[in-house]
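# My questions concern the predicted model and sequence given below.
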Amino acid sequence: MNLLELSDLTVARGGVPVVQRASLSLAGGEFVGLVGPNGAGKTTLMRAALGLVEHGGQSSLARMPAAQRARHAAFLPQTREVAWPVSVEVLAALGRVPHGGRMQAADRAAVAQALARMGMEPLRTRNVQELSGGELARALIARVLAQETPLVLADEPVAGLDPAQQIRTMQVFAALAAEGRGVVASIHDLGLAARHCTRIVVLDRGRVVADGAPMAVLDDATLAGTFGIRAYRAVADGPVLMPLSVFP
Amino acid sequence: MKTVIALSGLVLVLFAASLLIGPAAVGVPDQLRALLTGEGEAVVLVMREIRLPRALLGLMVGAALGLSGAAMQGYLRNPLAEPGLIGVSPAASLGAVLALQTGLAAAFAPALPLAALLAAGLSVGLLFVLAGPRGGALTLILAGVALSALAGALTSLVLSLSPNPFAVAEIVFWLMGSLADRSMLHVWLAAPVMAVGVLLLMGTGRGLDALTLGEDAAAALGIPLRRLRAQVVLGVAALVGAATAVAGAVGFVGLVVPHVLRPLVGGRPAALLPVSALGGAAVVLAADIATRVIAPDRDLKLGVLTAIVGAPFFFHLIFRMRRGLE
């Protein structure tokens, strides 16, 4: 049984197709990097998969009742907005909302584990509105982890983080996949995606144009055709991919 | 929890003070005996027909405004939102003004609050039509602003066309908001409507908490946003409509009280709901006592007092916010 099944997912906005017949299935143990240029439809694909926007085609998530879906898939939106001056701990505990009722021991354990995983334990009583951008991003990821879902959808989780935190965050997602859960993360840094994801899906103008093992998918033709760039490749404890120049 | 207990104590003290403070020169033991046992004719009349409804209405109106302010700010994720934003308060005022102007209120006492409630209900219906079934927070605010403007304009129209200067004066004074000269009838009219509002808003805590993360994240957390919006709007409308129907427009309470109490509950919208209700009750009870103590022989209006105290308080908040930003 796959964790996520999208078939011919289509979203149009004002008559213009944003996502066109995208199909994707994801099993436990996979960390999928969703890459593509700005405006390729990465965010819309995730929102449609969750049933947050009207769409054609099928999404296994969108078909679920809302409460059940929230226990199956956690979503990290791209905008890092927190309306109220709550503490990091209270923020992470919002991940327990789908698990209902008052906070039990299991809920508190999930929150503590999520905070520890993101290295937010020392900051847990801090007001989130006084955190740095990177700390806030990690607190929000901790919320997603506290939700303890088999599937995680994260929209640009590493944008704005420093290199060490970017690598740590990618390793956290890779570890979730190693535990048998599934992760889909949209990401602009092709080097990070190539190195840490188990699979890459390339989106171009709303269509899935490539899907497979990272270095096989990110070949010269795809980089040139979809991104308009040329890249350097090497191997050093894993694949290395460094964008070099833009085609004129 | 400590905050809830402390505020409950404060509300209790203020409620007792509201019962016991007034122009009738009677000792406290006599007042209490009259209230509880019904012995001593004139005093019983004062306590049961004048002071008790006034204190009860202060409690109810304040709690309604505080609770609906907290719910509105939580739903719109904006600390500057206030319950009047959805246009219910101006609509209820318009209904009351029409009842005064047509003489209905003079002929049949409950006509004024009933007309206000009716107008509030109509305005909520219009609000839902304007904001549409799928509309987010922004369309709701725009529809509320449009309705407020319309109701305000119609109120001005009634005032400007009124042939009777005494009626105009009566209307203007009513619009300022007051708890003076209300009866148990007002309590019985407002109580059921407010109870419905409280029940609706009590179920919104989880959804408001989840909205801290934004609409998309809340929806992905399994919160039915459309139902949440309907619950918040109807709950706020019932509370504010009933409050305006019996007390007129009492401003600033729904805006300032949740804002001030928010840090005490660690910013959590669900925890703020009961705390803000208690805070609102305390503020309105205190302000109503103040109108009696400051100018016992004049009719100082409650709404005027809350605005005069509330506005500078808001200045203070703005300065504090600026210091935090700079």
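Perfect, thanks for sending it.

# thought B:His186 was touching B:Leu57?
Yes - at 6.2 Å, B:His186 counts as touching B:Leu57 under the criterion of Cβ atoms under 8 Å. Every C-beta, even on glycine, is put in place using the N, C-alpha and C of the backbone.

# Now do the shared contacts for these two.
B:Val246 (Cβ atoms under 8 Å, 6 or more residues apart in numbering or on different chains).

# Need phi/psi at the closest residue to chain B within chain A.
Closest contact between chain A and chain B, by Cβ to the nearest Cβ, is at A:Ala70 (3.2 Å). Per-residue torsions, A:Ala70: phi -70, psi -20 (degrees, to the nearest 10).

# can you check B:Leu300 too?
The phi/psi pair for B:Leu300 (degrees, to the nearest 10) is phi -70, psi 130.

# what's the burial count for the nearest residue to it once chain neighbours are set aside?
Using Cβ to Cβ, 6 or more residues apart in numbering or on different chains and skipping residues adjacent in sequence, the residue nearest B:Leu300 is B:Thr291, 4.3 Å away. Look at B:Thr291: counted by other Cβ atoms under 10 Å in any protein chain shown, it has 21 neighbours.

# near chain A, which residues of chain B show up?
B:77-78, B:206, B:209-214, B:216-217, B:219-224, B:262-263, B:266-269 (Cβ under 8 Å from any Cβ of the partner chain).

# Inside helices: which ones of the residues you listed?
If you go by DSSP state H, the residues of chain B next to chain A have B:206, B:209-211, B:216-217, B:219-220, B:269 in helices.

# just the residues you listed now: which is nearest chain A?
Within those, the smallest distance to chain A is 3.7 Å, found for B:Ala220 (Cβ to the nearest Cβ).

# rewinding a little: could I have the ChimeraX command that selects the buried members from the ones in helices among the residues of chain B next to chain A?
Burial among these is assessed by 16 or more other Cβ atoms under 10 Å in any protein chain shown; the matching ChimeraX selection reads:
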select /B:206,209,210,211,216,217,219,220,269
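
# would a markdown table of the ones in helices among the residues of chain B next to chain A with pLDDT be doable?
Formatted as a markdown table, these follow (pLDDT from 0 to 100):
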| residue | pLDDT |
| --- | --- |
| B:Arg206 | 94 |
| B:Asp209 | 95 |
| B:Ala210 | 95 |
| B:Leu211 | 95 |
| B:Asp216 | 92 |
| B:Ala217 | 95 |
| B:Ala219 | 94 |
| B:Ala220 | 94 |
| B:Pro269 | 95 |
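
# can you pull the contacts of the residue positioned nearest the centre of chain B?
With distances taken as Cα atoms, centre = their mean, the residue of chain B nearest its centroid is B:Leu65 (3.3 Å). Each residue near B:Leu65 by Cβ under 8 Å, 6+ apart is listed here: B:83, B:239-240, B:243, B:250, B:253-254, B:257, B:280, B:284.

# Neighbour-wise, which one of these leads?
Within the contacts of B:Leu65, most neighbours by other Cβ under 10 Å means B:Ala243, with 35 neighbours.

# Correct me if wrong, but that one is in a helix.
Yes - assessed by DSSP: H, G, I helix; E, B strand; the rest coil, B:Ala243 belongs to a helix.

# Show the pLDDT at it.
Model confidence at B:Ala243, given as pLDDT, is 95.

# B:Val260: which element?
In the assignment (DSSP states H and E), B:Val260 maps to helix B:253-261.

# who touches that helix?
With Cβ under 8 Å, 6+ apart as the test, helix B:253-261 has contacts from B:3, B:62, B:65-66, B:68-70, B:72-73, B:79-84, B:240, B:272, B:275-276, B:279-280, B:283-284, B:306, B:310, B:313-314, B:317.

# From the residues you listed, list just the buried residues.
The neighbour-count test (16+ other Cβ under 10 Å) applied to the contacts of helix B:253-261 identifies B:3, B:62, B:65-66, B:68-70, B:72-73, B:79, B:81-84, B:240, B:272, B:275-276, B:279-280, B:283-284, B:306, B:310, B:314, B:317 as buried.

# returning to that earlier point: quick check: the residue nearest to the centre of chain B vs B:Ala119, distance?
With distances taken as Cβ to Cβ, to the nearest Å, B:Leu65 is found 18 Å from B:Ala119.

# what's the answer for A:His72, then?
For A:His72, the distance to B:Ala119 equals 46 Å [Cβ to Cβ].

# who in chain A is up against chain B?
Those residues of chain A that sit near chain B, judged by Cβ under 8 Å from any Cβ, are A:47, A:50, A:52, A:66-67, A:69-71, A:73-77, A:79, A:81-87, A:90-91, A:94-95, A:97-98, A:127, A:140, A:143, A:147.

# Alpha carbons only: can I get the helix holding B:Val260 in CSV?
Taking Å, rounded to 0.1, in the frame of the first residue of the first chain, the C-alpha atoms of helix B:253-261 are listed here in CSV:
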residue,chain,number,x,y,z
VAL,B,253,-13.6,46.4,25.3
GLY,B,254,-13.5,43.7,22.6
LEU,B,255,-10.3,45.2,21.1
VAL,B,256,-8.2,46.0,24.2
VAL,B,257,-9.1,43.3,26.6
PRO,B,258,-7.9,40.3,24.6
HIS,B,259,-4.8,42.3,23.5
VAL,B,260,-3.9,43.0,27.2
LEU,B,261,-4.5,39.5,28.5
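
# tell me the average confidence for that helix?
Taken as a whole, helix B:253-261 carries a mean pLDDT of 91.
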